[in-house]
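> Sequence first, then the predicted structure:
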Amino acid sequence: MSVTVKAFETLNVEDWDDFVDQSNTGTIFHKLQFLKYHPPKRFPFHNLVFYYKAKIVALLPGMLDDKGVFKSPAGASYGGFVMNNAPFAKQEAVLDTFISYAKEKRFTEAVITPTPFIYHKSPNEIERFLLEYKGFKRKYHLLTNSVSLKDLNTEYIINSLSSMHKRAVNKSLKLGVQTKFSTKFEEFYPILLANKTKFDAAPTHTLEELIKLKKLLPDNIKLLMAYDDKKNPIGGIFLFICNENTVLTFYISHYYEFQHLRAVNRLLYEVMIWAKENGYNNVDFGVSMDTSSDNPMEPSRSLIHFKEGTGSRGFLRTTYHYEF
């Protein structure tokens, strides 16, 4: 099977985002429209399009640094090959073509983080099998916590929570906490900064970048805010609608002085309700790692325990690498 590849160093590739939408493994993070929020020259993009009989059969977003290291994703959470439910032979041909291309262009290494399993519209792990079969090694795993909504109805979701989470949700309701979707990112960002400062960290995005993302992808970016009974903002969750299957909670933040109002528990619960009502199968609460550790695989046990109270379970976000 003869598959060809073409490289694009721009974010203007015709039919790219349409293919992502129609694919089995594509997410918002694979879209060029998403990547356009980055300022020019932040990343040396090297996006690959694979063709079979003049038709697109796969995409691989990424960058190529000055040391010859190809990274997918670049400036996003997930990368890897974007494909439909292609048969084994076609997926193998795409990967073989990439490896041949990388050797021809004298890549020194390829680092790839494929779309996690829970984002697949139809479960398919041929890509992961082929990566390891062709010589890619696992660099590390990250643990993400995701809750499946498939077998839940909105009335049962409250009962799927742990007793601690259920008490917290009911307490927030009793104390008059209100939640609503908002476009007032300037209300949310100080809360996010306060949270990150507590852990000696900084947000991945500036306020201006969050606003730009909302303008670029208005249907895929949502902000759910929590307010006390005096309508003061006390917490928020920033959501990426990654594809038709899965919603990702990217930032979960609250003011610690209002912790007694249990805004975070309430927001997680309301996200689950909204996602179920809007036809999504999974809510991914994000990776649960101890970012203060030098070991990228060091788990944050308290965070995992907290997220498990929503009924979520652990799934892997795996990064592979290949040294040429």
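Sure thing, it's come through.
> most centrally placed residue in this protein?
Centroid-nearest residue in the chain, with Cα atoms, centre = their mean: S77, separated by 5.0 Å.
> count of neighbours near K150?
8 (other Cβ atoms under 10 Å). All C-beta atoms are positioned from the backbone trio N, CA, C, and that covers glycine.
> let me redo that: T97
T97 - counted by other Cβ under 10 Å - has 21 other residues nearby.
> Make 401 the starting number, not 1.
Sure, I'll start numbering at 401, so the last one becomes T497.
> That one reaches K406, doesn't it?
No - contact between T497 and K406 fails when scored by Cβ atoms under 8 Å: they sit 10.7 Å apart.
> about what we covered before: tell me the contacts of the residue nearest to the centre of the chain?
429, 513, 648 (Cβ atoms under 8 Å, 6 or more residues apart in numbering).
> Equivalent analysis for D415, please.
Per Cβ under 8 Å, 6+ apart, neighbours of D415: I456.
> excluding its backbone neighbours, what's nearest L667?
I637 (4.8 Å; Cβ to Cβ, 6 or more residues apart in numbering).
> what about that neighbour, which SS state?
Here I637 is strand, with the state taken from DSSP: H, G, I helix; E, B strand; the rest coil.
> so how many other residues sit close to it?
24.
> State the phi and psi torsions of the residue nearest to the centre of the chain.
Dihedral angles phi and psi of S477 (degrees, to the nearest 10) take the values phi -80, psi -40.
> Please export the C-alpha coordinates of the helix or strand encompassing Y722 as PDB.
Take DSSP states H and E as the rule and Y722 turns out to sit in strand 713-723. Extracted as PDB, the C-alpha positions of strand 713-723 are listed here (Å, rounded to 0.1, in the frame of the first residue of the first chain):
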ATOM      1  CA  ARG A 713     -11.600   6.000  37.100                       C
ATOM      2  CA  GLY A 714      -8.000   6.200  35.900                       C
ATOM      3  CA  PHE A 715      -6.900   6.100  32.300                       C
ATOM      4  CA  LEU A 716      -3.500   6.500  30.700                       C
ATOM      5  CA  ARG A 717      -2.200   9.400  28.700                       C
ATOM      6  CA  THR A 718       0.900   7.800  27.300                       C
ATOM      7  CA  THR A 719       3.900   9.500  25.600                       C
ATOM      8  CA  TYR A 720       6.100   7.400  23.200                       C
ATOM      9  CA  HIS A 721       9.500   8.200  21.700                       C
ATOM     10  CA  TYR A 722      11.600   6.900  18.900                       C
ATOM     11  CA  GLU A 723      15.400   7.600  18.600                       C
END
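> in that strand, what counts as buried?
715, 717-722 (16 or more other Cβ atoms under 10 Å).
> most neighbours, which of the contacts of S477?
Compared across the contacts of S477, L648 has the highest neighbour count, 25 neighbours, by other Cβ under 10 Å.
> Next one: the nearest residue to V569 once chain neighbours are set aside relative to D551, how far apart?
Counting by Cβ to Cβ, 6+ apart, Y669 is the residue found nearest to V569 once chain neighbours are left out, at 4.9 Å. In this view, Y669 and D551 are 17 Å apart by Cβ to Cβ, to the nearest Å.
> Of these two, give the one with the bigger neighbour count.
Y669 (24 against 8).
> give me the element that one is part of.
helix 663-677.
> Just the residues contacting that helix, thanks.
547, 549, 552-554, 557-558, 561, 565, 568-569, 572-573, 577, 579, 624, 626, 634-637, 639, 647, 649, 652, 654, 682-683, 685, 710.
> hmm, try it at 7 Å
547, 549, 552, 554, 557, 561, 565, 568-569, 572, 577, 579, 624, 626, 634-635, 637, 639, 647, 649, 652, 654, 683, 710 (Cβ atoms under 7 Å, 6 or more residues apart in numbering).
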